[in-house]
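1. Fold the following, please.
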Amino acid sequence: MGRTTWRRTSTWRSFRSRRCPSPTTWPRPTRSPPYSSATAPGSSASCAGGLVPSWAKDARGAARLINARRDSIERKPAFRAAYQRRRCLLPADGYYEWQPDGTGKQPYFLSARDGSPLAMAGLYEVWAPPEGERLWSCTVVTTEAADELGHIHDRTPLLVRRQGWARWLDPAVPDPGDLLLPGTSGVLDAWPVSPAVGNVRNDGPELAQPFGPPSTGTLF
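-> All right, here's what the predicted structure looks like:
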């Protein structure tokens, strides 16, 4: 999954954030997306993008764990404990993916067709270094994009529907995997955007504006 426009506004009351009042993108693992978890229900905090397991010797591997594959979160050591006890929701207005077009890659912005924020399934960890403050980190759960927009990218974040939020966040539920539904048609729209989104120094709502001919497909 590429850059993400995280939801940081008060319009989604279940995910009010304590910082960053305007939408922003997440261009690299060191940026901090907001998240909601069982430890802070009805609000959101920030965590570092890219999971750092509690047993890790250092945080250098976070860039490799920005995404967690659905088919491995129950058995992969880096994700197993977090999936059982530390699940979260990552609210986003949408996210970017890049599609090869023969001469390079064309970026697309994918967002909910009805304009509502997306609730991406996530996992979080708390890592305590030998010295310094504890680090809260998170990752997005992804799966194969087996729908009409799968031609843009072969992976897609798994979404949790509103009626499943409480159960997904409840650490007393050992395996809420049934809430992680594959892509269903008619939920997401996608359109091409400016190549400027590929530069991590660029940030702003203009990056999500349509650029070139619109896409006719939908996702989820």
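2. show me the residues around the closest residue in space to Pro157 that isn't next to it in sequence that make contact.
-> Closest residue to Pro157 apart from its sequence neighbours, by C-beta to C-beta, 6 or more residues apart in numbering: Met120 at 4.5 Å. Glycine gets a C-beta too; all of them are placed from N, C-alpha and C. For Met120, the contacting residues are Leu89, Leu90, Pro91, Ala92, Val140, Val141, Pro157, Leu158, Leu159, Val160, by C-beta atoms under 8 Å, 6 or more residues apart in numbering.
3. out of the residues you listed, who has the most neighbours?
-> For those, counting by other C-beta atoms under 10 Å, the largest number of neighbours falls to Leu90: 30 neighbours.
4. so for the helix or strand that one falls within, what's the average pLDDT?
-> Taking DSSP states H and E as the definition, Leu90 sits inside strand 87-100. Averaging pLDDT along strand 87-100 yields 88.
5. who does the following helix or strand past it pair up with?
-> Downstream of strand 87-100, the next assigned helix or strand under DSSP H and E is strand 105-112. Within its sheet, strand 105-112 is paired with strand 87-100 (antiparallel), strand 188-192 (antiparallel), according to DSSP bridges.
6. Can you tell me the SS state at the residue positioned nearest the centre of the chain?
-> Centroid-nearest residue in the chain, with C-alpha atoms, centre = their mean: Val140, separated by 4.5 Å. At Val140 the chain is in strand, as set by DSSP: H, G, I helix; E, B strand; the rest coil.
7. need the strands for this protein, in chain order.
-> 4-6, 24-25, 34-37, 45-46, 48-49, 67-69, 87-100, 105-112, 118-127, 135-144, 155-157, 188-192, 218-219 (DSSP state E).
8. Now distance to Ala56 too, for those strands, in TSV please.
-> As requested, those are arranged in TSV below (distance: least, C-beta to C-beta, whole Å):
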stretch	distance to Ala56
strand 4-6	23
strand 24-25	26
strand 34-37	19
strand 45-46	20
strand 48-49	12
strand 67-69	15
strand 87-100	18
strand 105-112	31
strand 118-127	6
strand 135-144	10
strand 155-157	23
strand 188-192	33
strand 218-219	33
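9. Please identify the most buried of those.
-> strand 4-6 (a mean of 27; mean count of other C-beta atoms under 10 Å).
10. mean confidence score for that strand?
-> 50.
11. do the same with stretch 112-124
-> 89.
12. Endpoint to endpoint, that stretch covers what distance?
-> In stretch 112-124, first residue to last residue: 24 Å (C-alpha to C-alpha, to the nearest Å).
13. Show me how far it is from its chain's centre.
-> 8 Å (C-alpha atoms, centre = their mean, to the nearest Å).
14. end-to-end on stretch 177-196?
-> End-to-end for stretch 177-196, by C-alpha to C-alpha: 37 Å.
15. can you pull the buried residues of that stretch?
-> Buried residues in stretch 177-196, counting neighbours by 16 or more other C-beta atoms under 10 Å, are found at Leu179, Leu180, Gly183, Val187, Leu188, Asp189, Ala190, Trp191, Pro192, Val193, Ser194.
16. Test my guess that the last one contacts Leu207.
-> Yes - counting by C-beta atoms under 8 Å, Leu207 is a contact partner of Ser194 at 6.6 Å.
17. need the longest helix for this protein.
-> If you go by DSSP state H, the chain has its longest helix at helix 77-85.
18. mind listing what's buried in it?
-> Ala78, Phe79, Ala82, Tyr83.
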